[in-house]
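Student: Here is my input; please provide its structure:
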Amino acid sequence: MDYDTVELLVGGALAFVPVIALVLAGLWCMKKPRIRIPLYFVIGLLASLAYGWVAPQLAFRVVPPPFDPYYADGNALDVRGLILSFGAMVGCAAGLVTTVVMSVLALARPLWRKRSAAQNTRGASVTRSTAAAQPPHPQHSPRKTA
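Tutor: Numbers count the residues shown, from 1 in each chain. Now for the predicted structure:
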């Protein structure tokens with residue numbers, strides 16, 4: 001495998017790792033949303049920003065660009081390794097969005113449940129009252145027509 005392929009794979013992984021981690025943490029926090037979601041929101045935002053700062057540096061240490069004397073002499077611009085930085089920046093932005101979306105969903109979930117429960121109880125009472133108010137079917141009418 002050449003460096004370009006490894007760079008693409010690592011850059012893609014850098015973009016998806018924070019999203020997966022924050023979704024799993026958000027699902028765990030949804031078990032007790034009143035206690036955990038405010039902490040998740042603050043820690044998730046700070047962790048995403050820290051990830052965007054630290055991840056490219058670690059990636060460059062793990063997968064350093066190969067040395068090329070042509071670029072070292074200053075003949076051209078060496079942009080190898082840029083995908084690692086972009087992958088970490090995309091991961092940072094995706095982590096921020098994931099944190100906000102998971103927090104909003106966790107806080108809105110009880111409202112949706114309360115609303116659907118109210119609609120279910122209201123719907124049941126409406127069907128009972130309309131069933132009692134309907135006139136009897138003509139075949140079962142007590143009065144006979146000749």
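
Student: In contact with the residue nearest the centre of the chain, which residues?
Tutor: With distances taken as Cα atoms, centre = their mean, the residue of the chain nearest its centroid is Thr98 (4.0 Å). For Thr98, the contacting residues are 18-19, 22-23, 26, 44, 48, by Cβ atoms under 8 Å, 6 or more residues apart in numbering. Every residue, glycine included, has its C-beta placed from N, CA and C.

Student: same check, this time on Ala21
Tutor: With Cβ under 8 Å, 6+ apart, Ala21 has no contacts at all.

Student: The one 4 residues further on now?
Tutor: Neighbouring residues of Ala25 by Cβ under 8 Å, 6+ apart: 40, 44.

Student: picking up where we left off before, how far away is the residue nearest to the centre of the chain from Tyr51?
Tutor: Counting by Cβ to Cβ, to the nearest Å, the gap from Thr98 to Tyr51 is 11 Å.

Student: Need the residues touching each of the two.
Tutor: Here Thr98 and Tyr51 share the contacting residues Pro18, scored by Cβ under 8 Å, 6+ apart.

Student: Helices of the protein, start to end?
Tutor: 3-29, 33-62, 69-72, 82-133 (DSSP state H).

Student: Including mean pLDDT, could those helices go into CSV?
Tutor: Shown next, in CSV, are these (pLDDT from 0 to 100):
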stretch, mean pLDDT
helix 3-29, 93
helix 33-62, 93
helix 69-72, 76
helix 82-133, 81
